[in-house]
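> pasting the sequence and the predicted model now:
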Amino acid sequence: MSRISSPLVDHRNKDAAPVGHRATWALAVAQLVSWGTVYYAFSLFVVPMEHAMNWSRIETNAALSLGLLVSGLAAYPIGTWIDHGHGRKIMMAGSILSTAMLLLWSQAHTLATLFVVWIGLGMSMAATLYDPVFAVVTRVYPGSFRTEITLITLVAGFASTVFVPLTQGFINGLGWRGALIALAAMNVAISLPIHAAAIKRNGATDATVGDKARLKAVNTTSTQRALRTPTFWALAVCFTAYYATFAALTFHLVPLMLARKVPAGWLLTTMAIIGPAQVAARALWFAVGRNLRPERVGLIVTAAFPVSVLVLLYAGTSPYLLMLFALVYGGANGMMTILRGTIVQDAMWTEGYGAISGLLSAPSNIAKGIAPISAAALWTVQRNYALVEWVILGVSLVSTVAFLVAMRFAPAHRSADGPAATGAMQK
């Protein structure tokens, strides 16, 4: 059977690998821009919008939550289309949609428009952020996807470091509407051309109709098998519990420390450590972790977050314990991104990865949207964060246990149709 060509590089060409490796770095830059302009920029626009438009904090954050919900619902169909070889079209369309929605946001004068914007941005996030690029890279580098995914996350890990001050500078100099136009320009000038150039067209000219039909059949079979596998459901619980607790703590961390009367200097220091800790943890994974058994690394990652919550519970105003918390907390999230992008392939199989990853993302993204509001509701019970922290600790331990269950039931034959399936597609 003729081989179906890769979406980034043609593996029949012995000189194609360096080109593909450069494409991975280019996609990493696009991730930096996409995360920075859409996800991390939001919090900086909340206060200016409230002052200018008289919108409440609940109303603006409800738009964000709706966007995260839409992103979760869109993840599965987008992952399926990428599995079928349409990664280039999907990611280009996502960049175009991000640009259009940021421009529409810059002209928003009603809450209805803001909600429309975040519905569109939710779809664009599902088409441009980690899940789709991980799916593309997995199709291209089935033997080295861990390295490629780690490289992408290393670069994208600087998104907040680069875009928080950059966006704030745009707001200060151009106003919040002008800043959104500037971010839209960066999407169309950087992310869109990278997605167009770094991801090659689907190999329709090389693949026969039979090849494409067999590819779809294998992807469909792998997805159906995943839904019958305990490992899939345990991973779904693991990631949903993790992202729910991480989102809840992330959005309440500053008010939590303010309530404890942590001095402003140490509060800012604690927050500043988190980003570099994420990148440092990913660099450590790149240097050491990729050579360890996935279940060992995964156990460390899923256990690190509850450890950080436990440290925070007893940190009080101690600067040293707060710094320790930030290091473990940031490091856990930095490595979790890589674990999320690689454990499906390690514990299950690579066929149909985009669709399976999309199915795992749906409950996680829904949890991200609900968790901050739920944490706020818990806070109202006693008007302090003690109950919130203990609930976060308990749910984060569920994530650790679920990961252990996932590894316990990991399939022995990690191919959708048994060991021969992948080989059949590569003949």
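Happy to help now that I have it. From a predicted model like this one, the values you see are computed outputs, not experimental measurements. Residues are numbered from 1 along each chain as shown.
> so what's W25 closest to, chain neighbours aside?
Spatial nearest neighbour of W25, excluding adjacent residues (Cβ to Cβ, 6 or more residues apart in numbering): L151 at 6.9 Å. Bear in mind the C-beta positions are built from the backbone N, C-alpha and C, glycine included.
> name the helix or strand for that neighbour, please.
Taking DSSP states H and E as the criterion, L151 maps to helix 145-156.
> please compute how far that helix lies from its chain's middle.
12 Å (Cα atoms, centre = their mean, to the nearest Å).
> quick one: low-confidence ranges for this structure?
1-20, 57, 143, 201-224, 226, 289-291, 349-350, 411-427 (pLDDT under 70).
> can you list the domain ranges for it.
Per the record, the chain has its domains at 16-207, 214-425, by automatic domain parsing.
> need those in JSON lines (columns: mean neighbour count).
Listed next are these as JSON lines, based on neighbours: other Cβ atoms under 10 Å:
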{"stretch": "domain 16-207", "mean neighbour count": "20"}
{"stretch": "domain 214-425", "mean neighbour count": "19"}
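> can you give me the helices in the stretch 251-400 of the chain?
Along the stretch 251-400 of the chain, counting by DSSP state H, counting those that start in this stretch, helices occupy 264-287, 294-315, 319-347, 353-382, 386-408.
> now distance to V33 too, for these, in CSV please.
Listed next are the helices of the stretch 251-400 of the chain as CSV, based on distance: least, Cβ to Cβ, whole Å:
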stretch, distance to V33
helix 264-287, 17
helix 294-315, 26
helix 319-347, 17
helix 353-382, 21
helix 386-408, 30
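> among these, which is nearest M123?
Proximity to M123, assessed across these by Cβ to Cβ, is greatest for helix 353-382 (12.0 Å).
> which stretches in the stretch 101-250 of the chain count as helices?
Under DSSP H, counting those that start in this stretch, the stretch 101-250 of the chain gives helices at 111-128, 130-140, 145-156, 159-186, 192-198, 209-226, 230-259.
> helices and strands around the longest one, which ones?
When contacts are defined as 3 or more Cβ pairs under 8 Å, 6 or more residues apart in numbering; DSSP states H and E, helix 230-259 sits against helix 264-287, helix 294-315, helix 319-347, helix 353-382, helix 386-408.
> so which of these comes closest to S71?
helix 353-382 (5.1 Å).
> show me what the closest one is packed against.
Using 3+ Cβ pairs under 8 Å, 6+ apart as the contact test, the elements touching helix 353-382 are helix 57-83, helix 130-140, helix 209-226, helix 230-259, helix 319-347, helix 386-408.
> got the contact list for the shortest one?
Spelled out, it's helix 130-140. Contacting residues not belonging to helix 130-140 are listed as 6-9, 20, 24, 27, 30-31, 75, 78-79, 82-83, 85, 87, 90-91, 94, 126, 145, 148-149, 152-153, 156, 199, 337, 340-341, 345, 350, 353-354, 357-358, 361 [Cβ atoms under 8 Å, 6 or more residues apart in numbering].
> next, the angle helix 353-382 makes with that helix.
160 degrees (axes from the mean of the first three to the mean of the last three Cα atoms, to 10 degrees).
> between helix 130-140 and helix 111-128, how big is the angle?
Using the same axes, to 10 degrees: helix 130-140 against helix 111-128 is 20 degrees.
> how distant is helix 130-140 from the center of its chain?
On the basis of Cα atoms, centre = their mean, helix 130-140 sits 12 Å off its chain's mean C-alpha point.
> which residues touch stretch 186-198?
Applying Cβ under 8 Å, 6+ apart, the external contacts of stretch 186-198 come out as 8, 23-24, 26-27, 29-30, 33-34, 37, 88, 91-92, 94-96, 98-99, 102, 128.
> and A362, how far from L111?
For A362, the distance to L111 equals 26 Å [Cβ to Cβ, to the nearest Å].
> just M257 next, same as before
31 Å.
> could you find the closest non-adjacent residue to F251?
Nearest residue to F251 in three dimensions, chain neighbours excluded: P372, at 4.0 Å (Cβ to Cβ, 6+ apart).
> that neighbour contacts F246, doesn't it?
No. Contact criterion Cβ atoms under 8 Å: P372 and F246 do not qualify, at 10.6 Å.
> residues making contact with stretch 264-280?
Identification of contacts with stretch 264-280 by Cβ under 8 Å, 6+ apart yields 154, 157-158, 160-161, 253-254, 257-258, 262, 317, 319, 322-323, 325-331, 333-334, 337.
> quick one on the thing from earlier: quick one: closest of the helices and strands packed on helix 230-259 to N54.
The nearest among those, by Cβ to Cβ, is helix 353-382 at 21.3 Å.
> how far off centre is the closest one?
13 Å.
> what's the answer for stretch 92-112, then?
Distance of stretch 92-112 from the chain centroid (Cα atoms, centre = their mean) equals 20 Å.
> equivalent analysis for stretch 298-306, please.
Stretch 298-306 sits 17 Å away from the centroid of its parent chain (Cα atoms, centre = their mean).
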